[in-house]
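[1] Provided below for reference: sequence and predicted model.
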2 protein chains.
Amino acid sequence: MAGMDALGFGFASAQAMPPPLQGGAKGKKVIILGAGLAGLTSAYELTKAGYQVQILEARPVAGGRVQAARKGFVDTDLAGNRQECNFDDGLYINTGPWRIPYHHQSTLHYVREFNVPVELFNNDNDAAYVFFEKGSGPLAGKPVRKGQIAADARGYTAELMAKMAGKGDLDGALSAEDREIFMAYLVNEGRLSRKDMTYHGTDGRGFEILPGAGVSPGPGKEAEPYAFSDVLNSRAWRVLSSVAGWEQQRTMFEPVGGMDMIPRGFVKNLPPVITYNAKVDRIRQNASGVRVSYTDGSGKSSEVAGDYVICTIPLSVLKNIPMDASKPFVAAMSNVAYAPVNKIGLQMKTRFWETNHWIYGGHIYNDIPGIGTISLPSSGWHTGKGVLLGYYSFGGEAARISALSPEKRAQFAVAQGQKIFPEYGDNFETAFSKSWHLDPYNLGGWAEWNEDGRKSAYPLLNEPDGRIYLAGEHLTYLGGWQAGAIESAWAQIAKLHARVQQA
Amino acid sequence: MAGMDALGFGFASAQAMPPPLQGGAKGKKVIILGAGLAGLTSAYELTKAGYQVQILEARPVAGGRVQAARKGFVDTDLAGNRQECNFDDGLYINTGPWRIPYHHQSTLHYVREFNVPVELFNNDNDAAYVFFEKGSGPLAGKPVRKGQIAADARGYTAELMAKMAGKGDLDGALSAEDREIFMAYLVNEGRLSRKDMTYHGTDGRGFEILPGAGVSPGPGKEAEPYAFSDVLNSRAWRVLSSVAGWEQQRTMFEPVGGMDMIPRGFVKNLPPVITYNAKVDRIRQNASGVRVSYTDGSGKSSEVAGDYVICTIPLSVLKNIPMDASKPFVAAMSNVAYAPVNKIGLQMKTRFWETNHWIYGGHIYNDIPGIGTISLPSSGWHTGKGVLLGYYSFGGEAARISALSPEKRAQFAVAQGQKIFPEYGDNFETAFSKSWHLDPYNLGGWAEWNEDGRKSAYPLLNEPDGRIYLAGEHLTYLGGWQAGAIESAWAQIAKLHARVQQA
């Protein structure tokens, strides 16, 4: 694998495989708090290594944030909004994580381990619309295809650059030989005419009349490019960049049928170690062990004892649970923010984005306040109905929309989406919304560290306090991703196991 | 749909839906030559409209070029090379068409009509390697990730452009206001540092040390960008362009299990109108009807009679079959070239491109003579074995490699691919190669018209000669695509039906 490292992808088996936990468990019992991916990973690997484990999970199901809302799924938020999902059979929305970049090999490790069928997730679709109503000029507030913006912005830029380079006007940035190659690159990248080094559009933008059979339509007629100034003023170029950011890189996957197929895989492969509906009240430790008291589903208080705790409860929630831990450790938990994050799934009675607009999956980037990203499903092609992601929003805008009732949230999402797809209103059937900051067991979508927190609180919380180990996406640089939960668990159980071996 | 047209995609229902054939068939019988997609489409639509149809097909199966080689599939080429596919159960290679761009709505029409399950085809993977051995400098002949080349080429270009624009040095190409926006675009597109408007690399290139849990790896370490001169001299930038060409546009699909699921869909939905193993010897017509004589599977000559012929036999083959047609019509058939095209499927005992290189589908663009494109499968994730496309080549290089025996072709493909993936040799198990120019029923991959041919021969062949109508991808501007075969059939049956109605 050294060769791979040299290619700049930093492949490290430590992040693709669980730590080897050899040498036996010495009869130790580990209490795991939370059956999200960090807890499930800990339980699965520790069980394999011979540990006795018990998971306390506040919810009636495993998975934590890894949820898919489908028919019958119930969610009650802190504002008292109770929703029961009413999607048609077979339809769902991933309310939490919804995609797996190819380089999240830790997540894919368990996908393979549990034979979870996956399918491609279409994370980048040039045919998808971009909609920026805050731009100016004729393209503002109008759905335009991402690929058309890419062709025009890069085409005109290449033309400008080629004209400068043709005059030798590069301040010596390139040698004469390299400048020749650079010109060839610009022609290729910008699809410039070789004759005049000018951008006149390109077939990749699409056609006014599609090419086809015979002499009519025959070759068809290419669409004219937009004016450069219109493209610039539209601000739609904001969706372009040389290469996708690391976390948005293709290829991406999704489990067939919903992201919760991953936690289900864990549960199927674990002995019955999960106590559901168990809300942790207090975490105690002393020199000889740990005790965790919790309220069970019937409202009764119970307690479990063990040798160690792995606590995966989000810090936003954990900081309010009494714990025998050092003051700096407890104080550090308040040193991180949890982001308001919301999503809504809208069931539509036809897949109009495919049939009318020819957009098969991908995201509709836009600047509509409170909407964030609209995203179209990457499965269920040609099946009639579909559930699209009507908003996926963060921060203040997410808080503002989530403050509405579920009905009003849906009305908002439909009314706003209608600006882009006129079919929204006629096709909308039922919605399911999730507000992570209003979920009592999360109080936010994910941990957001600032620079100070990363320096002080973060390292402290990554080390055990006595017999208590924390784990979760909040203790990684993979914030909000399943890979973070898994890799944090791997790191912490490796530490715990090393300690058990040394004891 | 007028709104859609305004968006420059030229959506035309004429190319997405079969022509309505109303008014009845007046008892007419149509002899269809060839059960490829043009013939099947003609038969299916004419049958629905009430016509009596009969298809003569030279092969023992329907589909024409739409073939998938899987266990037991036999191919004997003109050089006498007989191959029987020996892939493991469940594995296959699409020897002919292998992808459906989202805008080929005619193809997708039948995918929907026959409920053919489709999955995404990964046509553009930034993590895939580019391998150009004919470049120069340190990156030549070395597998580099497409996304890294994209980040660097566009990043350095944006930096150069921003420096020019920062000095106001654009010859008045942009207004002062637009230039400000242009600078913001360049920062975004090139991922420039806002501080110094310089390209210093970007996380989208990948990491030397991947980000992960705790403080180590913690944030990881980004890989350093390549030097601009090295990128230019590598020629790897040839794979970049502002937007994919129209025929290579994402989103793309493939039928689950093989492209021949489409012709199978037709056959299941047709009455038993196909006569297999029927090699057309002669096509006759007079004022009252048509007669086609053929040799059947037992070597016996037979003849069928009807009112019209729709002939979908490739012109490369048809020009050698005696036909009652005008001299200009017959002469026009020689006015088009048929491209040598070959493909090879290599069964590998592990999916090393995924497990070792983290490349999930997509193409390995390269400049190795005789290889053309290497392509990795978009299905069967995590299933152990896989069949990759070892070469997909055109023209003289395809002819050169296809002249080898099937064993030597496989040896060639494995030896060349080994330059990119060192695992090739150890993993190779069995191959299946297809050379379309050596197929007696095709004599080439697809029709290639030159400008002269398009002006004279093409329009002539698109009109019927007496009672004989030609159809196929060769009579479209969708050469080599299933959509061409389908849309040509739609165009020709519409003409035939209009004539029947007028008669």
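    Structure received.

[2] from A:Tyr441, how far out is the residue most central in space within chain A?
    Closest to where the C-alpha atoms of chain A average out (CA atoms, centre = their mean) is A:Pro97, at 4.8 Å. Counting by CB to CB, to the nearest Å, the gap from A:Pro97 to A:Tyr441 is 16 Å. Glycine gets a C-beta too; all of them are placed from N, C-alpha and C.

[3] just A:Pro211 next, same as before
    A:Pro211 sits 55 Å away from A:Tyr441, going by CB to CB.

[4] between the two, point out the one with more neighbours.
    A:Pro211 (25 against 17; other CB atoms under 10 Å in any protein chain shown).

[5] mind listing what that one touches?
    A:Pro217, A:Gly218, A:Pro219, A:Gly220, B:Trp246, B:Thr476, B:Tyr477, B:Leu478 (CB atoms under 8 Å, 6 or more residues apart in numbering or on different chains).

[6] dihedrals phi and psi, it?
    phi -60, psi 150 (degrees, to the nearest 10).

[7] what's the answer for A:Leu33, then?
    Here A:Leu33 shows phi and psi, under degrees, to the nearest 10, equal to phi -100, psi 110.

[8] for it, give the beta-bridge partners.
    A:Leu56, A:Cys311 (DSSP bridges).

[9] do I have it right that it meets A:Arg282?
    No. Between A:Leu33 and A:Arg282 there is no contact under CB atoms under 8 Å: 11.3 Å.

[10] return the distance of A:Gln411 relative to chain B.
    Counting by CB to the nearest CB, to the nearest Å, the separation of A:Gln411 from chain B is 24 Å.

[11] to clarify, my last question referred to A:Asn442.
    In terms of CB to the nearest CB, A:Asn442 sits 20 Å off from chain B.

[12] one more: A:Leu91?
    If you go by CB to the nearest CB, the gap between A:Leu91 and chain B works out to 17 Å.

[13] spell out, range by range, the strands that occur in the stretch 401-503 of chain A.
    With DSSP state E, counting those that start in this stretch as the criterion, the stretch 401-503 of chain A has strands at A:428-435, A:447-448, A:468-470.

[14] and the longest one, what does it pack onto?
    Identification of packing neighbours for strand A:428-435 by 3 or more CB pairs under 8 Å, 6 or more residues apart in numbering or on different chains; DSSP states H and E yields strand A:341-348, helix A:395-402, helix A:406-417.

[15] could you provide those in CSV, with additional columns for mean pLDDT, distance to B:Arg250 and mean neighbour count?
    What follows is these, written out as CSV (pLDDT from 0 to 100; distance: least, CB to CB, whole Å; neighbours: other CB atoms under 10 Å in any protein chain shown):
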stretch, mean pLDDT, distance to B:Arg250, mean neighbour count
strand A:341-348, 98, 22, 26
helix A:395-402, 97, 29, 19
helix A:406-417, 98, 23, 19
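
[16] pipe those into CSV and attach distance to A:Asn320 per row.
    Formatted as CSV, the helices and strands packed on strand A:428-435 follow (distance: least, CB to CB, whole Å):
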stretch, distance to A:Asn320
strand A:341-348, 20
helix A:395-402, 19
helix A:406-417, 26
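
[17] so what's the nearest residue to A:Glu247 once chain neighbours are set aside up against?
    Once flanking residues are discounted, A:Glu247 sits nearest to A:Pro101: 6.4 Å by CB to CB, 6 or more residues apart in numbering or on different chains. Taking CB under 8 Å, 6+ apart, we find A:Pro101 in contact with A:Trp246, A:Glu247, A:Gln248, A:Gln249, A:Thr251, A:Met252.
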